[in-house]
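> Need a 3D model of the following:
(chains A and B)
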Amino acid sequence: MKSVPVKVEHEGKWIPTTMGIGEDRFRINAPLEREILYKSVVDLEGKKNQVVITAGAEGEFIYRIASVEKVLSVLKKFIITQASAYRLNAFFMSPAIRGGVLIQNAQWEKGAIAVMKTGIWFVSQENQVCIPLEEVTGIELTSREIQEKDLDVVKIDHLSENEVVTSFVLCPLTTLQVLYNFLKEATRDTEVSEEIDPLVGQVAMLVYSGMDSSAIENMLKLSHKDLDAIYEKLLAVGLAEVLYIRKEVQLTPKGVRYISETVKSPMG
Amino acid sequence: MGRILIVDDTMFMRTLLKNILFSGGHDIVGEAADGAEALAKYRELKPDLVTMDVVMPNVNGIEALKAIKAANPAAKVIMCTAVGQEQMVKLAVKSGARGYIVKPFQAPKVLEEVKNVLSA
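Sure thing, here's the model as predicted:
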């Protein structure tokens, strides 16, 4: 087992220690003194310079480990390829589209995919990409032209740093269908089942594109009250959340007097 | 900042693109609702860049792109495709498109792509 320096979270504090990374297990030394088989891991979350590992049949053991990316990368690779998860060998392209712009140097990578409790992991020789399931905004079984042939792929839309990103997975159709069904089930909470009025849909599209309230009012010739009512509909069906509340004001007589005096003064 | 011609058969998408590009400091010199109108406006206005929808009535975006490139081989055209029409990208590449945006799109990314194409 190769020993590497890490920090682990213990009783609310980050404690420096060492961790052994083996072929089928990893070991966290004092103060935790725990040995964990990769196959007992049920979830893995990746954050900047740290991972959160959930292990045990009931997910009862949670380990937070911080280290340099090189160490975490080795650990993640062992976990993703051995953990208790729906896993398959596939080609993936992630990201392929970012914010609606095709990434021209995006390439298919050969690797493995693991669908864990809270996220989908893509792992190849060079890359490890995690898409948290709560960030998935769409799953579609579609076709894509690859080497002059139309091949079936699963398209996954997801949020990443406030941008909408699209990734593709390519594997044999039967496996693809299983993956698609699995992901559909795992992301059922964010499916849109409500009828959406076309005007409400247009407003949603403009919000998606980054337009603010006054731009939306101008574009769709809506009054402030109309737009507020549409926002309420979006909020009610869970398609939007309140970012902040802004006030519109008008000047009082005191305010008008201040402005009048300002323009009269030499400084005005 | 560039002088841009927006080509899309839906007014909603034209207005959206116009707002996004205007917010990025670009000058919207014209709009067209199909490929034939796009070619006519391109010849008349000589924009620095065209954003071109792929699926349009009469003359579609790919045909309009080819006609614009025939009129000016140095023309800078960004194609707008809907999700699922990515296969069109290869055809657009062969026809000389410089960039691609996929609907629905987000303003910062559109402005980034426009900037890249204009400065290329």
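> Against which helices or strands is the helix or strand bottoming out on mean pLDDT in chain B packed?
In chain B, the helix or strand scored least confidently by mean pLDDT, DSSP states H and E is helix B:88-94, which has a mean of 80. Here helix B:88-94 touches helix B:61-71, strand B:77-82, going by 3 or more CB pairs under 8 Å, 6 or more residues apart in numbering or on different chains; DSSP states H and E. C-beta coordinates here come from the backbone N, C-alpha and C atoms, glycine included.
> Strand partners (parallel or antiparallel) of the shortest one?
Strands adjacent to strand B:77-82 in the sheet, as given by DSSP bridges, are strand B:49-53 (parallel), strand B:99-103 (parallel).
> what's the most buried one of the ones you listed?
strand B:49-53 (a mean of 26; mean count of other CB atoms under 10 Å in any protein chain shown).
> Contact residues of chain B facing chain A?
Contact residues (CB under 8 Å from any CB of the partner chain) of chain B with chain A: B:12, B:15-16, B:19-20, B:23, B:83-84, B:86-87, B:89-90, B:99-110, B:112-113.
> out of the helices and strands packed on helix B:88-94, nearest to residue A:170?
Judged by CB to CB, the one of the helices and strands packed on helix B:88-94 that comes nearest to residue A:170 is strand B:77-82, at 20.0 Å.
> buried ones in the closest one?
When burial is assessed from 16 or more other CB atoms under 10 Å in any protein chain shown, strand B:77-82 yields the following buried residues: B:77, B:78, B:79, B:80, B:81.
> Provide the partner residues of the residue most central in space within chain B in its beta bridges.
In chain B, the C-alpha closest to the average C-alpha coordinate belongs to residue B:51, at a distance of 1.3 Å (CA atoms, centre = their mean). Residues in a beta bridge with residue B:51, per DSSP bridges, are residue B:6, residue B:78.
> Run through chain B and note the low-pLDDT ranges.
Applying pLDDT under 70 to chain B picks out residues B:83-87.
> now residue B:16, nearest residue through space, not along the chain?
Excluding the flanking residues, the one nearest residue B:16 by CB to CB, 6 or more residues apart in numbering or on different chains is residue A:209, at 5.8 Å.
> how near is residue B:106 to residue B:98?
Applying CB to CB, to the nearest Å, the value for residue B:106 to residue B:98 is 20 Å.
> With residue B:8 instead?
17 Å.
> Same question for residue B:17.
Residue B:17 is 16 Å from residue B:98, by CB to CB.
> Next, residue A:225: phi, psi?
Main-chain torsions, residue A:225, degrees, to the nearest 10: phi -70, psi -40.
> and it, how many residues sit next to it?
8 (other CB atoms under 10 Å in any protein chain shown).
> What residues does the spatially closest residue to residue A:210 that is not a sequence neighbour make contact with?
Excluding its sequence neighbours, the residue lying closest to residue A:210 (CB to CB, 6+ apart) is residue B:107, at 3.6 Å. For residue B:107, the contact set (CB atoms under 8 Å, 6 or more residues apart in numbering or on different chains) comprises A:209, A:210, A:211, B:20, B:23, B:24.
> swap the cut-off to 10 Å and go again
Applying CB atoms under 10 Å, 6 or more residues apart in numbering or on different chains, one finds that residue B:107 lies in contact with A:99-100, A:208-211, A:215, B:16-17, B:19-21, B:23-24.
> May I see the PyMOL selection of the buried members of those?
Selection of the buried residues among the contacts of residue B:107 in PyMOL, burial being defined by 16+ other CB under 10 Å:
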select buried, (chain A and resi 99+100+208+209+210+211+215) or (chain B and resi 16+17+19+20+21+24)
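> Closest one to residue A:138 out of the contacts of residue B:107, please.
residue A:208 (12.1 Å).
> ok, for the closest one, nearest residue in space, not its chain neighbours?
Residue A:208 sits nearest to residue B:104 (CB to CB, 6+ apart), 5.5 Å away.
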